[in-house]
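Enquirer: Quick one, structure for this:
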Amino acid sequence: MTKRILLFIIIILPCCFLQANIVILNGLTHNYKVENGKVYKGKITIENTDNKPQNIKIFLQDFTYQADGSIHYTTPQTNIKTNANWIRLNTNLITLKAKEKTEVYYEITVPEQIKESGSYWSVIIVEPVEEIKPNENKEGVNITSVVRYAIQVITDYDAENAKPNLKFESVKIDKENGKQILKIAIANNGNLYCKPTASIEIYSRKNGQKIGSFTSHAMGVLPQTSKSFQIDISKIPPDKYKAVIIATDEDENAFALNVELEVKND
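Expert: Have a look, this model is predicted:
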């Protein structure tokens with residue numbers, strides 16, 4: 001039988017938590033307010049938590065995502081709002097000893113002329129280089145998983161003249177692990193990155209009495225992307241309700257939607 005090796009690459013974003021042999025210690029989202037012609041410096045702090053040395057490669061990619069969970073990583077310069085050509089890494093390959101920490105530095109050189117105000121972005125990928133060794137004693141398929149990190153580098157240019165524009169795409173309730181989870185898909189149709197929360201106020205259809213209020217975690221949403229904000233509403237008994245859903249960003253800009261909500265007993 002032919003031996004085959006399958007390499008699975010798992011990418012860690014700010015909303016994901018997985019066990020890996022390397023960790024990023026200073027955050028997965030780096031956000032800068034920038035001006036024409038200026039240079040900004042940043043760093044990525046990496047630790048090898050394993051008991052053996054680890055080779056790591058670092059490189060840039062463009063990316064976008066949508067509320068259905070799809071994420072698209074592409075070569076630099078494929079996204080019209082990319083800043084990948086503004087960013088220079090001080091290295092593309094490092095080797096960390098067991099339990100060693102290090103810092104990888106990058107510079108952002110903002111062009112003298114930029115056509116549009118708003119957010120520009122790309123991601124710095126930090127990926128272990130795994131040596132794949134087939135097991136000669138076993139036939140079949142060997143599976144190796146590689147966990148890599150995507151560090152978002154977001155640059156907000158002329159932010160005073162740009163703004164997010166949040167839009168509700170869909171609202172649904174799914175039952176997951178015995179819980180009633182409200183899923184609110186929110187798109188940012190504006191030109192500025194923001195980090196909103198979604199909240200819901202639920203009212204009785206019979207007498208208008210307020211039943212409860214619930215709020216999601218805050219999540220960043222880039223321009224022309226969308227995310228699914230999830231809220232546990234398991235405390236709400238099965239019935240039909242009226243509700244107001246509100247998306248509020250960090251600058252207290254609010255976007256509201258009135259909905260009819262049905263919580264089912266199944």
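Enquirer: So the spatially closest residue to Asp232 that is not a sequence neighbour versus Ala150, what's the distance?
Expert: The shortest distance from Asp232 to any non-neighbouring residue, by CB to CB, 6 or more residues apart in numbering, is to Lys179 (5.5 Å). In short, each C-beta sits where N, CA and C put it, glycine included. Distance of Lys179 to Ala150, computed by CB to CB, to the nearest Å: 28 Å.
Enquirer: More neighbours: the two, which one.
Expert: Ala150 (22 against 12; other CB atoms under 10 Å).
Enquirer: who's that one bridged to?
Expert: As for beta bridges, Ala150 partners with Ile125 under DSSP bridges.
Enquirer: my guess is it contacts Ile125, does it?
Expert: Yes. Using CB atoms under 8 Å, Ala150 is in contact with Ile125, at 5.8 Å.
Enquirer: Provide a list of residues in contact with Phe59.
Expert: 89, 92, 124-125, 127 (CB atoms under 8 Å, 6 or more residues apart in numbering).
Enquirer: and it, how far is that from Ala84?
Expert: The gap separating Phe59 from Ala84 is 10 Å, by CB to CB.
Enquirer: now swap in Glu176 and tell me
Expert: 36 Å.
Enquirer: quick one: which of the two has more around it?
Expert: Legend: neighbour count by other CB under 10 Å for Glu176 and Ala84, higher for Ala84 (20 against 11).
Enquirer: Wait, the more buried one touches Ser122, no?
Expert: Yes. Between Ala84 and Ser122 there is a contact at 4.0 Å, judged by CB under 8 Å.
Enquirer: And the pLDDT for the nearest residue to Asp239 once chain neighbours are set aside?
Expert: Nearest in space to Asp239, with sequence neighbours left out and distances taken as CB to CB, 6+ apart, is Val263 at 6.1 Å. Per-residue confidence at Val263 stands at 93 (pLDDT).
Enquirer: which residues does Val263 contact?
Expert: 173, 180, 233, 236-241.
Enquirer: Just the ones of the residues you listed in strands?
Expert: Per DSSP state E, strands hold the following members of the contacts of Val263: 173, 180, 239-241.
Enquirer: Neighbour-wise, give me the winner out of those.
Expert: Per-residue neighbour counts (other CB under 10 Å) across those peak at Tyr241, which has 21 neighbours.
Enquirer: That residue: what's it in contact with?
Expert: The contact partners of Tyr241, by CB under 8 Å, 6+ apart, come to 202-205, 211, 260-263.
Enquirer: Assign a three-state SS to Glu160, would you?
Expert: At Glu160 the chain is in helix, as set by DSSP: H, G, I helix; E, B strand; the rest coil.
Enquirer: Could you tell me how many residues sit around it?
Expert: Residues near Glu160, counting by other CB under 10 Å: 9.
Enquirer: ok, now Gly178?
Expert: There are 6 residues near Gly178, going by other CB under 10 Å.
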